[in-house]
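**Q** I need the structure of the sequence given here:
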Amino acid sequence: MNRVSWRAHGLARTAELLLRVPCRSISALLLVLGLTTGCSMLVESDREQCKKDEDCGKFESSYGYTCVENFCTQKPMCTVDTDCTARGAAFEGSTCGVDQICKPMCTIDEECTARGGDYAKSSCVDQVCKIDPTWACVGKPRPPIPAGSGPYQVKLHTQDLVNSSPMANVITKVCTKLDVECAAPLEMGVTDASGDVTVSIRAAFSGYILFTRAEPAIMPTLFFINPPVDRDMDAPPTQIASPQVAALIAGRAGAGITLDPTRGLILLAGLDCLGVAKPGLTFKAETTADKVVPFYSVGGLPSSSALETDITGYGGFINAPAGVLSIAATLQAENKALGSVSVLVKAGAMTITRFSPLGT
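**A** Have a look, this model is predicted:
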C-alpha cells in the first residue's frame, strides 16, 4: 500500500466523523467560515439514519458501517495491532494508532534502523522494514522436518580436489555418526564415470558419507551434509584428494607443517543464510589438543597465517584430533556468533562439511 492509500484511510475516518455531527451544527460551522452549502451534501438530515447495522448498507466502506445511536458510523479500521497485520502483506509490521487507523511500519530507513536488533541494517521498502537476509537466519531454529517424510534421494558428485575432474569407481557408504568405522552402512554404492552416485537418505539423518578407493588411492573422506537433508537433492560436489595432495595441503599451509597420521584433516566451506560463500569468517575447533593448525584459503592456496576466510569461504584444520569435534563459526567484523557444527574426525582421513547457519 502506497503513502496515498494510507492517507486515504485517514480521510475516510474524517468523513465518518462528520457523518456523526448533526446537520445544524455543520451548517453553523460553514456560516462562520463564510460558506454556504446544502447540508444534504454531507448527511441526509438530522433524522435517524438507521435502527440496525443492515440499514447502513448504502454507505460504501472498505471496512463497513455499524449503526450507533441511530447514525451510520464507520467501523474502526483496527482496535489492536493484529487487526492491521491480518490485512495482508501490504500491512506487514503496521500498528493500530489511537485513531484506530493502521499506521505503516515505516516511511524512512531511519525508522527501521532505530528498532535495533535484526533491524539494525534494515531499510524501508514500500513502508515495510526489510531485514538484510544475509545473516537473518542466525539464531533462528531450523524448520522442522515433517513427520513421516523421507527417505530422500540424494545425488552425490565427487571431484578431484586439484583439477575438479570426476572421480569414478569410488566406494560410497552411508554411515551413522556413531558408527566410526562404518561397519554397518545404511546403504552402499559406487560412483560412475561422471563421478556421480545416488543414495537414499532418511529424514533427519545426521551421519556422514564415507568415500574410499584403493586404486588410484584416495584419502578416506567423510562428507557431512549440512544442513540435514529434507528433500530430494543434488548435493554440492565433494572434492577428494589423494594422500599426496593431502600432504601437500599441509605443506602449503605453512613452513614445517606436516600431517600426523594419527590425526585428521578438516576442510570447511563457510556460507551465509542464502547459501553464498562469505569472506570474513573464522572457525574455532572446540579442542584442547596441541598441534592443531587452523588455515584459510588465500588466492586458492591454504595459509596458516591468514586470519579469516576470503571470498571462497574456505578454511579448515590440519592435524585435528580423532573423534567427534565441534566447530564454531564467527563473522569476525561484527563479532557475530553463527553457530556450530559437529563432525567426526578419523586418523589418516579427511572430513568435509559446509558451515551454513540454517542452510538453504
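
**Q** OK, contacts around Asp160?
**A** Counting by CB atoms under 8 Å, 6 or more residues apart in numbering, Asp160 touches 166-167, 239-241. Backbone N, C-alpha and C define where each C-beta goes, glycine included.

**Q** wait, I meant Glu308
**A** Contacts of Glu308 by CB under 8 Å, 6+ apart are 279-282, 296, 332.

**Q** repeat that for Pro261.
**A** Contacts of Pro261 by CB under 8 Å, 6+ apart are 347-348.

**Q** could the C-alpha coordinates of stretch 268-276 be exported in PDB?
**A** Only the C-alpha atoms of stretch 268-276 are listed here, as PDB (Å, rounded to 0.1, in the frame of the first residue of the first chain):
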ATOM      1  CA  LEU A 268      35.200 -26.300   5.600                       C
ATOM      2  CA  ALA A 269      33.200 -24.100   3.400                       C
ATOM      3  CA  GLY A 270      31.600 -21.100   5.100                       C
ATOM      4  CA  LEU A 271      28.200 -19.900   3.800                       C
ATOM      5  CA  ASP A 272      25.700 -17.300   4.700                       C
ATOM      6  CA  CYS A 273      21.900 -17.800   5.100                       C
ATOM      7  CA  LEU A 274      21.500 -17.600   1.300                       C
ATOM      8  CA  GLY A 275      24.000 -20.300   0.700                       C
ATOM      9  CA  VAL A 276      26.600 -17.900  -0.600                       C
END
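
**Q** contacts for it?
**A** 133-138, 236, 277-278, 281, 283, 309, 312-316, 327, 329, 352-360.

**Q** so Val324 is in contact with Val341, correct?
**A** No. Applying CB atoms under 8 Å, one finds Val324 not in contact with Val341, separated by 11.0 Å.

**Q** who has more neighbours out of the two?
**A** Counted by other CB atoms under 10 Å, Val324 and Val341 do not tie: Val341 has more neighbours, with 18 against 12.

**Q** secondary structure class for the more buried one?
**A** Following DSSP: H, G, I helix; E, B strand; the rest coil, the label given to Val341 is strand.

**Q** return the residues in contact with it.
**A** 224, 226, 326-327, 329, 353, 355.

**Q** ok so, going back, of the contacts of stretch 268-276, which belong to strands?
**A** Of the positions in the contacts of stretch 268-276, 281, 283, 314-316, 327, 329, 352-355 sit in strands, assigned by DSSP state E.

**Q** Leu259: which of the residues you listed is nearest?
**A** Gly316 (12.4 Å; CB to CB).

**Q** write a PyMOL command that selects only the buried members of the contacts of stretch 268-276.
**A** A single PyMOL command selects the buried members of the contacts of stretch 268-276 (16 or more other CB atoms under 10 Å):
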select buried, resi 135+136+137+138+236+277+278+281+283+309+312+313+314+315+316+327+329+352+353+354+355+356+357+358+359
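
**Q** partner residues bridging Cys129?
**A** Beta-bridge pairing of Cys129 under DSSP bridges involves Cys124.

**Q** which residues touch it?
**A** Contacts of Cys129 by CB under 8 Å, 6+ apart are 93, 105-106, 111-112, 115, 119, 122-123.

**Q** which of those fall in strands?
**A** Ser123.

**Q** and the contacts of Cys129, which are buried?
**A** Buried members of the contacts of Cys129, scored by 16+ other CB under 10 Å, are 93, 105-106, 111-112, 119, 122-123.

**Q** can you report how many residues neighbour the residue nearest to Val80 when sequence neighbours are not counted?
**A** Spatial nearest neighbour of Val80, excluding adjacent residues (CB to CB, 6 or more residues apart in numbering): Cys96 at 5.8 Å. Residues lying near Cys96 (other CB under 10 Å) number 19.

**Q** give the contact list for Cys96.
**A** When contacts are counted by CB under 8 Å, 6+ apart, Cys96 touches 77-81, 83-84, 102-103.

**Q** as CSV, those with distance to Ala203, pLDDT and secondary structure would be great.
**A** Shown next, in CSV, are the contacts of Cys96 (distance: CB to CB, whole Å; pLDDT from 0 to 100; DSSP: H, G, I helix; E, B strand; the rest coil):
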residue, distance to Ala203, pLDDT, secondary structure
Met77, 45, 84, coil
Cys78, 42, 87, coil
Thr79, 43, 89, coil
Val80, 39, 92, coil
Asp81, 37, 91, helix
Asp83, 39, 89, helix
Cys84, 38, 89, helix
Cys102, 41, 88, strand
Lys103, 44, 89, strand
